[in-house]
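Visitor: no sequence for this one, just the structure:
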Ligand SMILES: [Fe+2]
């Protein structure tokens, strides 16, 4: 008996160990970098703001002083009608106050005089204005910071014009681009942390999916050991628990199968004529399964199914089971209950569902005239159709209490005759060929240009079968 069946252990992931601290350090470093970047960024902005305000406050008084001089100049120029002297006066005032710019505008809006780098820009060109001192505002002009004073100069009858004075702040000395570099670095760390969390979330979903499959009794699935350290630890622990659960499940299945086999042996022990019947049916079934290309797991299931196919006979009274001679109708009806009884006995454990199907279906017929369900054709499980042929052959070719053993060739002829009615025609053809020639189904397919038939010595070489030794 195999140690296990249907034991699908693919996708096993390696155990995680020792990764907790590494992951904690990684996340700690990411968080520390994030906070440090934010702190540098915020501190830089604050210091820059404070320095600009200090500069602006110092410049405001100079701007106001120049503005007062320009007002006086404008009034004198208007009184004297000396417009030409205004430009000279503006240059003189700005020369005394380096770094400033100024513009004097006439009542018609045209400039009367101007000087300095920032004088030509419109009055409302500054962005992000904020007050610094009475009449003095600070704002951005291009990449620089500007302190600006604007005032209309009233006359006795009408405005004389307006004056605009500006002073450019020096860029912050100590910070430079540091705050923005720190801000960019903090943003990059934030992005990395987001990716880290997304990766961990995906791994968490994989573990949850595994646990949901466990709830559905899919013990073979394993969680991928990935994500952060805690999730890797959880995934590895889940996999270890599943290993134990799967082993326990297999042990339960094996124990149940052993019990079922013991029951089958008990049935066979009652009648010396049926002794060894289940082993022979299982062996013939596996031989057909091999020719059909079944994998190892399916062959193991077929072998166990063959061993247990008549387990339902434990429910048949001994008076019927051991009767010497043909059964009457009532006794036959009693005997026909054993496939469904076998289904009930084996079907209580989920892992044995396939064997239960074999036990239930081994007396179904290809034409639908079998029992217990009367299904036909492909609706009968393939393993059931295989066991039906093996079961019938062994029953015919061995001695029973109610009949002598039939010659092997005669049994094969009957199976040939009943192909397509009692038996699946292809399975029957495979079996007959296998017993006569040691050839399986694949060997029966004609070569190109060759007619259908059973050409001896052609096709896939099979075992040389001595029918007498096989039954
Ligand atoms: Fe049977």
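Guide: Nice, I can see it. These numbers come from a predicted model, not from an experiment.

Visitor: Run the chain-centre distance for the helix or strand where residue 434 lies.
Guide: For residue 434, the host element (DSSP states H and E) is helix 425-437. Mean-position distance between helix 425-437 and its chain equals 46 Å (C-alpha atoms, centre = their mean, to the nearest Å).

Visitor: What is it packed up against?
Guide: Here helix 425-437 touches helix 277-291, helix 382-397, helix 408-417, helix 441-444, helix 467-470, going by 3 or more C-beta pairs under 8 Å, 6 or more residues apart in numbering; DSSP states H and E. The C-beta positions use only the backbone N, C-alpha and C, and glycine is treated the same way.

Visitor: Report the separation between residue 356 and residue 264.
Guide: From residue 356 across to residue 264, the span is 14 Å (C-beta to C-beta, to the nearest Å).

Visitor: do residue 251 as well
Guide: 20 Å.

Visitor: and these two? which has more neighbours close in?
Guide: More crowded of residue 251 and residue 264, by other C-beta atoms under 10 Å: residue 264, with 22 against 12.

Visitor: Spell out the secondary structure type for residue 188.
Guide: helix (DSSP: H, G, I helix; E, B strand; the rest coil).

Visitor: pLDDT score assigned to the closest residue to residue 219 other than its chain neighbours?
Guide: Nearest residue to residue 219 in three dimensions, chain neighbours excluded: residue 246, at 4.2 Å (C-beta to C-beta, 6 or more residues apart in numbering). Looking at residue 246, its pLDDT is 83.

Visitor: Mind giving me the packing neighbours of the host helix or strand of residue 246?
Guide: Assigned by DSSP H and E, residue 246 falls within helix 229-270. In terms of contacts (3+ C-beta pairs under 8 Å, 6+ apart), helix 229-270 is packed against helix 20-80, helix 178-215, helix 277-291, helix 296-308, helix 318-321, helix 338-346.

Visitor: how far does the first one sit from the chain's center?
Guide: Spelled out, that is helix 20-80. 50 Å.

Visitor: Provide the contact partners of stretch 340-355 at residue level.
Guide: 5-6, 217, 249, 252-253, 256-257, 260, 263, 301, 304-305, 308-316, 356-357, 359-360, 372, 381, 383 (C-beta atoms under 8 Å, 6 or more residues apart in numbering).

Visitor: Mind checking what secondary structure the closest residue in space to residue 321 that isn't next to it in sequence has?
Guide: Leaving aside its sequence neighbours, residue 321 sits nearest to residue 313 (C-beta to C-beta, 6+ apart; 6.0 Å). Assigned with three-state DSSP, residue 313 falls in the helix class.

Visitor: next one: residue 149
Guide: Criterion first, three-state DSSP; result for residue 149: strand.

Visitor: Give me the contacts around stretch 28-37.
Guide: In contact with stretch 28-37 (C-beta under 8 Å, 6+ apart) are residues 182, 183, 185, 186, 187, 189, 190, 192, 193, 196.

Visitor: The closest residue to the third one other than its chain neighbours - how many residues pack around it?
Guide: With sequence-adjacent residues excluded and distances taken as C-beta to C-beta, 6+ apart, residue 185 is closest to residue 37, at 4.7 Å. A count of nearby residues for residue 37, using other C-beta under 10 Å, gives 21.

Visitor: what's the spacing between residue 37 and residue 166?
Guide: 35 Å.

Visitor: ok, and the closest non-adjacent residue to the residue nearest the centre of the chain?
Guide: The chain has residue 206 as the residue nearest its centroid, 6.0 Å off, counting by C-alpha atoms, centre = their mean. Residue nearest to residue 206 in three dimensions, not counting chain neighbours: residue 224, with 5.2 Å by C-beta to C-beta, 6+ apart.

Visitor: Hmm, the one you found is touching residue 203, no?
Guide: Yes: in this structure, residue 224 is within contact of residue 203 by C-beta atoms under 8 Å, at 7.1 Å.

Visitor: Pull up the overlap in contacts between those two.
Guide: Common neighbours of residue 224 and residue 203, using C-beta under 8 Å, 6+ apart, are residue 235.

Visitor: These two: who's more crowded?
Guide: residue 203 (21 against 17).

Visitor: List the contacts of that one.
Guide: Applying C-beta under 8 Å, 6+ apart, the residues near residue 203 are 224, 226, 227, 228, 231, 232, 235.

Visitor: let's go with 6 Å and repeat that
Guide: Listed by C-beta atoms under 6 Å, 6 or more residues apart in numbering, the contact partners of residue 203 are 226, 227, 231.

Visitor: would you turn these into TSV with neighbour count and distance to residue 297?
Guide: Output for the contacts of residue 203, formatted as TSV (neighbours: other C-beta atoms under 10 Å; distance: C-beta to C-beta, whole Å):
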residue	neighbour count	distance to residue 297
226	16	29
227	25	32
231	24	32
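
Visitor: of those residues, closest to residue 118?
Guide: Closest to residue 118 out of these is residue 227 (57.4 Å), distances taken as C-beta to C-beta.

Visitor: That closest one contacts residue 202, correct?
Guide: No: Residue 227 is beyond contact range of residue 202, at 7.3 Å (criterion: C-beta atoms under 6 Å).

Visitor: is it true that the residue nearest to residue 219 touches residue 218?
Guide: No: using C-beta under 6 Å, residue 246 is not in contact with residue 218, being 10.0 Å away.

Visitor: between those two, who's got more neighbours?
Guide: Ranked by neighbour count (other C-beta under 10 Å), residue 246 and residue 218 place residue 246 first, with 19 against 12.

Visitor: separation between that one and residue 336?
Guide: Taking C-beta to C-beta, one finds residue 246 at 38 Å from residue 336.

Visitor: How about the residue in the chain that sits furthest from its center?
Guide: Distance to centre of the chain, C-alpha atoms, centre = their mean, peaks at residue 80 (88.8 Å).

Visitor: Just the buried residues out of the contacts of stretch 340-355, in ChimeraX syntax.
Guide: Selecting only the buried entries of the contacts of stretch 340-355 in ChimeraX, with 16 or more other C-beta atoms under 10 Å as the criterion:
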select :5,249,253,256,257,260,263,301,304,305,308,309,310,311,312,313,314,315,316,356,357,359,360,372,381,383
